[in-house]
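J.: whatever this is, show me its structure:
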Amino acid sequence: MFNKNRIFAPKKRIMINTALYLIPVLLGDTTVERVLPAYNKEVILGIRHFIVEDVRSARRFLKKVDKDINIDELQFYPLNKHTSPQDISGYLKPLEEGNPMGVISEAGCPAVADPGADVVAIAQRKNLPVVPLIGPSSIILSVMASGFNGQSFAFVGYLPIDPAERAKKLKSLEQRATSEHQTQIFIETPYRNNKMVEDILKNCRPQTRLCIAANITCEDEYIKTKTLKDWKGKVPDLSKIPCIFLLF
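T.: Numbering: from 1, shown residues only. The predicted structure follows:
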């Protein structure tokens, strides 16, 4: 029998626990529905206090999650390299008072290659509950698509800028990949991506394999694995594109 009340009853909003929620964001210009579960939206709508890497980008992300969200009702606490330890130590006061809080990074998963790790460490020391939500991680997604060892891998972040130090580091990573059969993962500032590939080709052996993963989860996603010998003369323009590099 047609139950009119059941069909049109308003959806009940979930009640979220008092915890520090680690909220993944988009890796690029894509839709929220493509990479984030609906549960994340329900959690976000139950939070009024957000610790964020950048206030403007966090506000834009929250509007993408729900265009009707009232940004002016929310409290933002900036967390970046300029934030003092004293400020960070006070950011969790709302959580200690019983209010759920969220941590939002610039891209991907907070607290992974991200200053959010500092506030998570404080929450753990204070025995406050921490809840990681599901979302895109360029590290994991690139390992999945690379064809490299997914049982043993290391993310080493940014490599040295100094040419001599960078060359030394690349050779060290290549040696580790060979001797330990371990995938080596690193990133670069987008406007220096092309220079990074040049340095890899210059300092590593022709038979070493390189995976370049760019614009992961976006419409123009590019993920390719080749030997350095095969990459020569065939590297696309990676300038100003979010990339992650894997050696094996």
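J.: in the chain, which helix or strand is least confident?
T.: Lowest on mean pLDDT, DSSP states H and E among the helices and strands of the chain sits helix 4-8, with a mean of 37.
J.: who are the packing partners of the helix or strand following it?
T.: Later in the chain than helix 4-8, the nearest helix or strand by DSSP states H and E is strand 20-23. In this structure, strand 20-23 packs against helix 38-45, strand 101-104, helix 116-125, strand 130-132, with contacts taken as 3 or more CB pairs under 8 Å, 6 or more residues apart in numbering; DSSP states H and E. No exception for glycine: its C-beta is placed from N, CA and C like everyone else's.
J.: redo the ones you listed as JSON lines? Include distance to Ser84, mean pLDDT and mean neighbour count.
T.: Below are the helices and strands packed on strand 20-23 laid out as JSON lines (distance: least, CB to CB, whole Å; pLDDT from 0 to 100; neighbours: other CB atoms under 10 Å):
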{"stretch": "helix 38-45", "distance to Ser84": "27", "mean pLDDT": "94", "mean neighbour count": "16"}
{"stretch": "strand 101-104", "distance to Ser84": "18", "mean pLDDT": "96", "mean neighbour count": "27"}
{"stretch": "helix 116-125", "distance to Ser84": "11", "mean pLDDT": "92", "mean neighbour count": "17"}
{"stretch": "strand 130-132", "distance to Ser84": "22", "mean pLDDT": "96", "mean neighbour count": "15"}
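J.: make CSV from the ones you listed and add distance to Asn70 to it.
T.: Converted to CSV, the helices and strands packed on strand 20-23 look like this (distance: least, CB to CB, whole Å):
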stretch, distance to Asn70
helix 38-45, 10
strand 101-104, 15
helix 116-125, 24
strand 130-132, 23
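J.: of the ones you listed, which is nearest Ala164?
T.: Ranking those by proximity to Ala164 (CB to CB) places helix 116-125 first, at 29.7 Å.
J.: hey, C-alpha coordinates of the closest one in CSV?
T.: The C-alpha trace of helix 116-125 is given here as CSV (Å, rounded to 0.1, in the frame of the first residue of the first chain):
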residue,chain,number,x,y,z
GLY,A,116,46.9,18.9,11.3
ALA,A,117,49.1,16.2,12.7
ASP,A,118,50.2,18.6,15.5
VAL,A,119,46.7,19.1,16.8
VAL,A,120,45.9,15.3,16.5
ALA,A,121,49.0,14.6,18.6
ILE,A,122,47.6,17.0,21.3
ALA,A,123,44.2,15.3,21.2
GLN,A,124,45.9,11.9,21.7
ARG,A,125,48.0,13.1,24.6
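J.: run through who's touching it.
T.: Contacts to helix 116-125, defined as CB atoms under 8 Å, 6 or more residues apart in numbering, come from residues 20, 22, 51, 53, 79, 88-89, 91-92, 95, 103, 105, 110-111, 129-130.
J.: of those residues, which is the nearest to Asn149?
T.: Closest to Asn149 out of the contacts of helix 116-125 is Ala111 (24.3 Å), distances taken as CB to CB.
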